[in-house]
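S.K.: any chance you can model this:
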Amino acid sequence: MNLHGQVMNLQAKPYDGTDAYTHYCRGHKDARHAAAELAVKADAVVDAARAVLAWRVDTPLRGDLRDNDSSRKALRALAEAVAAFGDA
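M.R.: Now for the predicted structure:
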């Protein structure tokens, strides 16, 4: 599911013993924080992708990565960030 779908499908936590306005305010606050957490995960994926692209061979008609420990580390970080985003 994309980021928009995840934000739109955030589930509200039920609050017991509160009036409707307090329930709305708490739910709104929880939703903002949950959306912010998703945004942090999305930013981590973008940052990791930029780190991988820094190792791209910058030659026309080529798009492969320079093979070294740093490029492999960047690819692992990207895979981890994507997996963490998928678990959201």
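S.K.: buried residues in stretch 37-54?
M.R.: 38, 41, 42, 44, 45, 48, 51, 52 (16 or more other Cβ atoms under 10 Å). (Glycine included, C-beta is placed from N, CA and C.)
S.K.: what's the longest helix in this structure?
M.R.: Looking across the chain with DSSP state H, the single longest helix is helix 20-53.
S.K.: show me which positions of the next helix or strand after that helix end up buried.
M.R.: Per DSSP states H and E, helix 20-53 leads on to helix 69-86 as the next helix or strand towards the C-terminus. Neighbour-count burial for helix 69-86 flags 71, 74, 77, 78, 81, 85 (criterion: 16+ other Cβ under 10 Å).
S.K.: show me which of those is closest to residue 59.
M.R.: When the buried residues of helix 69-86 are compared for distance to residue 59 (Cβ to Cβ), residue 71 comes out closest, at 15.4 Å.
S.K.: now the closest one, nearest residue through space, not along the chain?
M.R.: Leaving out its chain neighbours, the residue that sits closest to residue 71 by Cβ to Cβ, 6 or more residues apart in numbering is residue 55, at 3.8 Å.
S.K.: buried sites along the worst-scoring helix or strand of the chain on mean pLDDT?
M.R.: Least confident helix or strand, the chain: helix 3-8 with a mean of 80, by mean pLDDT, DSSP states H and E. Residues residue 6 are the ones in helix 3-8 that count as buried (16+ other Cβ under 10 Å).
S.K.: centre of the chain to it, how far?
M.R.: Computed by Cα atoms, centre = their mean, to the nearest Å, the chain-centroid distance of helix 3-8 equals 11 Å.
S.K.: now stretch 81-88
M.R.: Relative to the mean C-alpha coordinate of its chain, stretch 81-88 is positioned 7 Å out (Cα atoms, centre = their mean).
S.K.: now stretch 23-36
M.R.: Computed by Cα atoms, centre = their mean, the separation of stretch 23-36 from the middle of its chain amounts to 18 Å.
S.K.: check stretch 5-16 too.
M.R.: Offset of stretch 5-16 from its chain centre (Cα atoms, centre = their mean): 17 Å.
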